[in-house]
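With the sequence up front, the predicted model follows.
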Amino acid sequence: MFKNREEAGQLLAEKVAAFEPENPLVLALPRGGVPVALPIARALDAPLDLALVRKIGMPGNPELAAGAVVDGGAREVVFNDELLDHAGLTQADFTDAVTGKLAEIETRRDLYLGDRKPQRIAGRTVIVVDDGLATGATARAVLQALRKRGPIEVWLAVPVGPQDLIWQFRGMTDRLVFLQAPRDFRAVGQHYQDFGQVSDDTVAKLLQDAWNKEDSA
């Protein structure tokens, strides 16, 4: 069990750094992924940015993801084409939904990042970081979107996730770095002593701390 997200990030940073990623960029999934990602970015002397994601729900069933809008260096819209085909829908049917999700992402980016430019993805080893895998839907959308941006490799780093899901993600990433993969997995929070909510203010402060170190380097 991890004491908190910061400790999990420090432990994860040791494993990630051992693989010596080329030209690394760390992308955190907010909000819980940010305190995990910060020690990794510091260990690699790498920039830290965010991968912002908004799910696009199916008509009449918003909890079922038809796709997602991803903003991590550049914006991409990814769809579950198999699900759309089964429902007799096309991507064009979600134009208004996509527009709304883009606006939500713009608001979040302004809140967290202000006018700071997104980091370039092309030619980087992009390391996506979260505080754990539950369903994996968000991480899956991010990985799919990042592939389109010309990275050297796309990695996923998480402290914990269910064993079966960890094995699935091995086939989706160039490298999967994790600390625990229990077979009897119920919730990410069960693997932390302190799994309190990460506030927007905390996210903004952690990012500012990271940028101050980058700018003074």
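That came through, no problem. Numbering: from 1, shown residues only.

switch to C-alpha atoms for all contacts and neighbour counts from now on
Will do.

mind listing what's buried in the helix or strand where residue 96 lies?
Applying DSSP states H and E as the criterion places residue 96 in helix 95-113. For helix 95-113, the neighbour count (16 or more other C-alpha atoms under 10 Å) marks 97, 98, 101, 102, 105, 108, 109, 112, 113 as buried.

how distant is it from the center of its chain?
Offset of helix 95-113 from its chain centre (C-alpha atoms, centre = their mean, to the nearest Å): 16 Å.

so after it, what's the next helix or strand?
Following helix 95-113 in sequence order, the next helix or strand is strand 125-129 (DSSP H and E).

and the helix or strand just after that next one with strand 125-129, angle?
Note on strand 125-129: by DSSP H and E, the next helix or strand toward the C-terminus is helix 137-146. Put simply, helix 137-146 runs at 160 degrees to strand 125-129, going by axes from the mean of the first three to the mean of the last three C-alpha atoms, to 10 degrees.

Spell out the residue ranges of the helices in this protein.
All helices of the chain, identified by DSSP state H, fall at 5-18, 33-44, 81-87, 95-113, 137-146, 163-170, 200-216.

Off-centre distance for the fifth one?
Looking back up the chat, that one is helix 137-146. For helix 137-146, the distance to the chain centre is 7 Å (C-alpha atoms, centre = their mean).

ditto for the shortest one
In this view, helix 81-87 has its centroid 25 Å away from the chain centroid, taken as C-alpha atoms, centre = their mean.

Buried ones in that helix, by neighbour count?
For helix 81-87, by 16+ other C-alpha under 10 Å, it's 83, 84.

what sits up against it?
Contact with helix 81-87 is made by 66, 90, 91, as judged by C-alpha atoms under 8 Å, 6 or more residues apart in numbering.

ok, now the fifth one?
With contacts defined as C-alpha under 8 Å, 6+ apart, helix 137-146 is touched by 51, 53, 55, 67-68, 70, 72, 76-78, 121, 128, 154, 172-173.

Which of these fall within strands?
Among the contacts of helix 137-146, the members found in strands (DSSP state E) are 53, 55, 67, 68, 70, 76, 77, 78, 128, 154.

Could you tell me which of those count as buried?
By 16+ other C-alpha under 10 Å, the ones in strands among the contacts of helix 137-146 give 53, 55, 67, 68, 70, 76, 77, 78, 128, 154 as buried.

Let me have the buried residues of helix 95-113 in JSON lines, adding distance to residue 40 and pLDDT as columns.
Rendered in JSON lines, the data for those read as follows (distance: C-alpha to C-alpha, whole Å; pLDDT from 0 to 100):
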{"residue": "97", "distance to residue 40": "34", "pLDDT": "93"}
{"residue": "98", "distance to residue 40": "32", "pLDDT": "91"}
{"residue": "101", "distance to residue 40": "29", "pLDDT": "91"}
{"residue": "102", "distance to residue 40": "28", "pLDDT": "89"}
{"residue": "105", "distance to residue 40": "24", "pLDDT": "89"}
{"residue": "108", "distance to residue 40": "23", "pLDDT": "89"}
{"residue": "109", "distance to residue 40": "21", "pLDDT": "87"}
{"residue": "112", "distance to residue 40": "19", "pLDDT": "92"}
{"residue": "113", "distance to residue 40": "19", "pLDDT": "88"}
